[in-house]
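> Coordinates for the following, if possible.
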Amino acid sequence: MQGIPDPLDRTLGIDPLENIEKVEVLPRADKDDYETARDGIHRMLGVTETAINELAAIARLSQHARAYEVLSNLIKTAVESHTDLVNLAQKNKVLLGDSRQTGQLDGPRTVNNTLIVTSAELLDMVKDKTREIQGEAQASS
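Residues are numbered from 1 along each chain as shown. Next up is the predicted model:
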């Protein structure tokens, strides 16, 4: 209803929508968006941790099923927020063109090799190594 003043607008003393200035939102760099989102998630996780501790105390004292249900939902939300934080970090690596897109965490990697040997095979290996050492000892004498 353009042009017709709204009685609610007059009562509340606000401008009609067509008279409100439009604010242009300037795009920010992806890194700034990432940092803002990351900081927001970290702040919310801190608040959630405090709330979980308080709700756990309330649930423990009241022994009320609804309190435990609310606590369970809050814990689930906190886990989802942690997952969102990890996903955000992975997406940021892709956006910034990280060359290490292997899907693995940085740092030392452990390689576990398993050797399955029977006792007879182990005895043969020990005998072979003993002969090898004795042969080297005789050659150097």
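
> So the most centrally placed residue in the chain: helix, strand or coil?
Nearest to the geometric centre of the chain sits residue 86, at 2.7 Å (C-alpha atoms, centre = their mean). Following DSSP: H, G, I helix; E, B strand; the rest coil, we place residue 86 in the helix state.

> tell me how far the longest helix belonging to the chain is from the chain's mean position?
Counting by DSSP state H, the longest helix found in the chain is helix 30-62. Relative to the chain's own centre, helix 30-62 is displaced by 13 Å; criterion: C-alpha atoms, centre = their mean, to the nearest Å.

> Please point out which parts of that helix sit buried.
34, 41, 48, 55, 59 (16 or more other C-beta atoms under 10 Å). All C-beta spots, glycine's among them, are computed from the backbone N, C-alpha and C.

> Next, work out how far apart the fourth one and residue 79 are.
Plainly put, residue 55 is 15 Å away from residue 79 if you go by C-beta to C-beta, to the nearest Å.
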